[in-house]
Every structure is written in C-alpha cells, then in structure tokens.
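S.K.: no FASTA, just this:
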C-alpha cells in the first residue's frame, strides 16, 4: 500500500453534476489540522469564479480543505458564479466546523453555465460523510476531478530528512485546453512536511514553471487552471524544514509536479505520440521555454509527427518565430539521435530511418541546441491527429 | 478583358522544379521601365535566402522585375542558398539587360533543400522568352506561385484620379503556414501609378497590417513571406500622386490586399468554414488584432466551428489569454446575429439555432465588442478539421 501523507482524508463521489450515471464528479481533500497552503493559477483575464475566490485565499497558514467539481467550470458565470463558488466553501466549512476562508475551491468543465447548486450541495454533504485516509479514497478523488482524461494521475514520494519522514502525494487532471500558465488542469500536491506558507509559495511557483508551465496540448489557456500545495506538518518527527532539507523538499515537489505534468501531456486528447522537446544553450530558461512552447504549439510540427514525416524545417521555422533572438548559425537540431541541422546547415540524413523513428516510437525526442548561453528547458507536448479533431468537434452542447 | 496595369509583362512556366509534369513553378513579373518598389517580409528569425536578399533591395526607385519559384523555399540552406537567390536575380537581369539589384527574388515550398540551379536557370531562360502583357500570362504567374492552394488568387482595381487612369493588379498565394507577419504567403501588387518609393513603402506597410497580417491558418509564421508593391508610372496621364489622390490610391491598395488576404484564408488547407472575426471597442487596432489572432489560432475554437458546436466559452477564454487587459464586464460576444455573452454575462440562446448557423454557412461571423475604446480590426481564419490533418500529416518527404 502506498504511504500517503499523514493527516489528510479524501472523498470523491458522484453528485449528479455529470450526466453519466455513477460518474464521480465532486471531490473533497481535507487536512485534519490547519495546513500551510500555496497556489498558482491561470493568467487568463477571463478566469473562473473559483479561481477568483481561491487565489485570494493563498498563501495562508491554516487551510483545511479543497473542494472540486468537474463537468462545469463555473466560468463566465458573472456574480452568480462567484456567489456559488463562495457557497461551495461555506458548505464544506459547515461540515468541517471551520471558517469558509480555510476552504479552497476548484472547478473544471464546460464554460458559461450556472452551477446546479442543489446538486453540488447534496454532493458535498455526501462526500463529507465518506472522508477517509485510504488509498481507495484518494483514487476516488483522482477520478472525480477528471474531464476527458482517460486515466487518473497520481504520484507519490517519500523523503527522509533528518528525523522527519516526509510524504508527498500529487493528484492532477488535464486532457485539453492545455497551454502553459497553466492548462485546463488541476493539480494538488499534499505533504505532511512543516513548511512556512511563503516558502511553500516560492517552491510551488518554481516547480510549476518547470512542470505544468512546460506542457502544452494546443496552447489554449484555460479559465480554471489551479495548482495547490498543502503542507500540514503531520509527518512523523516533523520539524520546520530549513536549509538543505528545504531544498531537498523543493526538489521532491518539483519531481512530483514534473511527473504529473508529463502524465497530463501523455494523456492529452487524441494523442498518439508524446513529444519531449529539450532546448539547450539559450541565455535564460525563459528563452528556452519560449522556443519549446512555440514548437509545441505549431500545428504543422504536430501533424508532421502524427504523419511520421521528418519535415524538420517546420521545427526550425517555429523556433524562428518564437520571439527569441538568434541567427541560424546559432542553432542545431536533433530528432532522436539524428542530427538534422548543424549550426545553420542542413545535414544529409536517412529520411526513411527518420520516418521510421517517428512511426515506431510513442515517445519522440526533439533537441534544439543553441550557442547563446547555458540555460535549458524540457517541455512536453503531443502530436495532432484525427482523434483530437473528433473529440473537440464533438464535445459538449 | 480585365485591364491590367500598363507596362508590365508576365510569364509562368513549368521548369521541372516540381515533380508533377507540366506544373508551372517558375514566374517572372517584369516592368518595362524602372518601377518604384516597396516590400514587407516575414519577421521569422529563420528567414529564407530570397527574403534576406530581397529585403535589402526595397524600397527602391528602379525595380525591374520579380522572379519566383515554387516547390522549394530555399530556406535553411546556408550560404549556398543566398548564392542561389543572388544567382536567380543575375539570370533575370541578364535576360532583361539590367542590374541584378533591380530584380526581387521570392521562393515558396519545402524548407531545407538546396535549389536545383540548372533547372531554375533553364526555367528563367524559358520564362523570359514568353513574357507577355496578356491576362493569360498573368494567370500563368498566378498558377506558377501556388503550392497547396486549390486556386489562383488575383484582384483588379481601376481608379480615376484627376487625369490619371490608374490600374492595380494583385496576385497572391497562401494555403498553410499562415500566421500574421505574414504567412507562407507571397503577394504582388502591381500598378501603373506614379508614387515615390517611401510613400509606397508606408502604403504597403499599412495595407499589409490590415490584410495579410489579419489572416491566420494555424499561426505558424513562415520563413518566406513576402509582399511586394511595384508602381511603374505608366498609367495614361500619370502624374505623381499627392494629397487626397495619394489617399485614394492607398485605399485601393488596401482593398486589393484585403481581397487577396481573404482569398488566402478562404482557400486555406483543409478549410470547410471561413471565419470572419470582428473585434471592436479596443484601445488600439493592435489590441483588436491580438484578440482576433488569439481566437483565430485556438484549435479549440476552430474545431468547435468545424463540429458546428456553439461552444462560445472557447472564444471568450481565448480572448482572455490574448494578453489584452480587460475585465469580463468589458466584453460582449455575437455569433452571427446571436448575442451569446453580454458584458460579462452569459445570455440564454437557442443552441440548436446556433449549431445550425455553424453547420449551414460556409462563412461564419464572430463579433467581440469591448468597452475599452474605439479601435477595431477584421480578421480572417478557417476552421480545423480532418482534412487539414490529412494534408499536413502527408505532405512532403
């Protein structure tokens, strides 16, 4: 059995918000004691009511729980939407006997429809009665937050730091409307470490930049993206983390976030290839991320991978309009272990072998090496094929 | 018969650069006398050799001709590529008996392959012998510059300005790798007006901003985008244009460019719907363009139109991540004549009628009205369906 962070309980139930009978769509994550909490959110100007509510509540020292509904984003729903999000927190707080401010709210799903509050309310009451610290309850949560994902996404780590045995558990959902900053994605990382809220916020921001901000499905930034990190200090032998221990903890948080982010890219709507883009030798990490993101969001690059076509000019030309300043002589490109473009010069290569590489591997590696500096970034995306079109032309309404 | 601007001759021939037998792939546009010339080009850092060569040659007062090859972009081809582009100009100059600097060079097609210069040279020689001022010769040019376009694109206008009877003819190609600034597009506007090179450059820049910079197929900026405007002063009664006459001329150039840009969007790879996005009420035209471009490049918006799904949350959320600062209360959205979102509030609407509107019309109108200012922009894009995937997964190599 996976050791979960101590002091957390979980429930994921079918509230009836989603039309499929029995499908779990309402989740509670509760810390038995007040927990430090950090959050990062979508930068979309049109952001959902729960984002508006929750981002005002973190970082904080005394979070008690997270409530999530899936199937309805509660976005573009005006003042009523904000009232509904606030009400979700009130309902959970009533169940836990805490202040509503201690509850964080998330939603994901269709935009522009009011939440059916009687359904949500009944769901919260039911979920509160089922809260449990088992792995089965955690898996119920991982299922309840999904939309078009094909599988739940979790990740666990254990760290021994001096006398403290620290556990981390991450849960996420993705699927589409996935673009950096962040994605239609929700992510929750729970730990029983003792970490001050401000440290927690810095650690989460940095981890998100190297994980959830390094994935893209089609680059459409969602209204609802939220990643929350809760640390409740209930680990065996827990003491406030400082110095190298805090660094080790931060690295573990990043590891969990990277794992979940990669899982999201790997379960993107309609995916047939996971594309891993390494960009090296830029002046800054942000430059590397811009180049990678531009390539990751080029429909021409994505369809070429889908079609097993080693049309590398599409990759180089995407780098060229990323906004990063470089000359062609500054850039080399590898596809897998094949060097296709060496400091601005096309290289002879075996097109048949390159095509076979694309056809025969689910995971495709692209590496761009610049001669501009020492920064780097790893980015994950998917190809673009018929199935993405089918899913997105037929979704909803 | 369409009256063409006086003093221009045309030829489009099959050089053998393209594998399809008899397919025209090499074009010459020649002014019998030195012409003022202006140009706008891709902003891609990775730009093709002909772009590197040609953008140093405009604006100028004494251009004599344009040479274009299609099927090979002469991009990512290193120093040899630049030498080849320069050589194309030399070959044309030899035929015309002028300075190579007076010749402007363009290419479009696959990236990363050296030009087969013996083929190109023979094609230029053949084309030079066929130069003619007929509409048939012009249509040959319009065909010879195409790649995956399904049809040639031309546009004609006649202006009576005082004693001058001025004619304009535009020719363009598009199809894919189309994103603002500019697109994998080539555009040539020819006129027999008398306009100074600097005026011509300003007129073209502004016209391009409202036409070729307002279209997107998938937002992938090409390495080869080029629009050239030549004015040779051979109109009947031609006098240098100034004041209101110059404004009228500029408006006609913009009209020709808008017509061609719209034609490019309407003939995008795999299109089944032309989407016209009007954005109004922003602080600046650039803000309006950013909002429209972000919507136009959202795969979720494009697949929703393809699937006749009035999932308007995708449109509003794309506006939200365009980078333009606004509040939801500043924004209203119409689809056709249906108001779906009124100053931040979702409106009741007939989803069946909205879906029927998308299903039954080839041309779809989206209008976003902000309350931020008085600027506006009209933008053209296409939907995203199976055919785009098929074409781009199977193109080349």
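M.R.: Happy to help now that I have it. Computed from a prediction, not measured in an experiment: that's the story for all the values here. Residues are numbered from 1 along each chain as shown, chains lettered A, B, ... in the order given.
S.K.: name the nearest residue to the residue in the stretch 101-250 of chain A that chain B sits nearest to, ignoring sequence neighbours.
M.R.: Of all residues in the stretch 101-250 of chain A, residue A:111 sits closest to chain B, at 2.5 Å by Cβ to the nearest Cβ. Where C-beta positions appear, they are placed from N, C-alpha and C, glycine not excepted. With Cβ to Cβ, 6 or more residues apart in numbering or on different chains as the criterion, residue A:111 has its nearest non-adjacent residue at 2.5 Å, and that residue is residue B:313.
S.K.: so that neighbour sits right up against residue A:74, yeah?
M.R.: No. In this structure, residue B:313 is not within contact of residue A:74 by Cβ atoms under 8 Å, at 11.2 Å.
S.K.: more neighbours: those two, which one.
M.R.: Remark: of residue B:313 and residue A:74, residue A:74 carries more neighbours, 32 against 27, as counted by other Cβ atoms under 10 Å in any protein chain shown.
S.K.: what's across from the closest residue to residue A:226 other than its chain neighbours in the sheet?
M.R.: Closest residue to residue A:226 apart from its sequence neighbours, by Cβ to Cβ, 6+ apart: residue A:106 at 4.9 Å. Assessed by DSSP bridges, residue A:106 has beta-bridge partners residue A:68.
S.K.: list the contacts for residue A:106?
M.R.: Neighbouring residues of residue A:106 by Cβ atoms under 8 Å, 6 or more residues apart in numbering or on different chains: A:50, A:54, A:66-69, A:145, A:186, A:224, A:226, A:228.
S.K.: determine the set of other helices and strands touching the helix ranked longest in chain A.
M.R.: Secondary structure of chain A per DSSP state H: the longest helix is helix A:243-266. Helix A:243-266 is packed against strand A:153-161, strand A:164-173, strand A:186-191, helix A:197-209, strand A:215-216, strand A:274-282, strand A:375-382, with contacts defined by 3 or more Cβ pairs under 8 Å, 6 or more residues apart in numbering or on different chains; DSSP states H and E.
S.K.: closest one to residue A:365 among these?
M.R.: Closest approach to residue A:365 among these is made by strand A:274-282 (5.2 Å; Cβ to Cβ).
S.K.: who's in contact with that closest one?
M.R.: Under the criterion Cβ under 8 Å, 6+ apart, residues A:262, A:265-266, A:288-289, A:291-292, A:295-296, A:302, A:305, A:324, A:362-383 lie in contact with strand A:274-282.
S.K.: filter those down to the buried ones.
M.R.: A:262, A:265-266, A:288-289, A:291-292, A:295-296, A:302, A:305, A:324, A:364, A:366-370, A:372, A:375-383 (16 or more other Cβ atoms under 10 Å in any protein chain shown).
S.K.: wait, the residue of the stretch 101-250 of chain A closest to chain B sits on residue A:81?
M.R.: No. Look at residue A:111 against residue A:81 with Cβ under 8 Å: they stay out of range, at 10.4 Å.
S.K.: and the residue lying farthest from the centre of chain A, what does it touch?
M.R.: What lies farthest from the middle of chain A is residue A:348; by Cα atoms, centre = their mean that is 38.9 Å. With contact set as Cβ under 8 Å, 6+ apart, residue A:348 has no partners.
S.K.: how near is it to chain B?
M.R.: From residue A:348 across to chain B, the span is 11 Å (Cβ to the nearest Cβ, to the nearest Å).
S.K.: now do residue A:295
M.R.: Taken as Cβ to the nearest Cβ, the span from residue A:295 to chain B is 10 Å.
S.K.: coming back round to it: TSV for the helices and strands packed on helix A:243-266, including mean pLDDT?
M.R.: Listed next are those as TSV, based on pLDDT from 0 to 100:
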stretch	mean pLDDT
strand A:153-161	91
strand A:164-173	91
strand A:186-191	90
helix A:197-209	93
strand A:215-216	80
strand A:274-282	96
strand A:375-382	93
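S.K.: distance to residue A:392 added to these, as JSON lines?
M.R.: Shown next, in JSON lines, are the helices and strands packed on helix A:243-266 (distance: least, Cβ to Cβ, whole Å):
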{"stretch": "strand A:153-161", "distance to residue A:392": "21"}
{"stretch": "strand A:164-173", "distance to residue A:392": "17"}
{"stretch": "strand A:186-191", "distance to residue A:392": "19"}
{"stretch": "helix A:197-209", "distance to residue A:392": "25"}
{"stretch": "strand A:215-216", "distance to residue A:392": "15"}
{"stretch": "strand A:274-282", "distance to residue A:392": "19"}
{"stretch": "strand A:375-382", "distance to residue A:392": "13"}
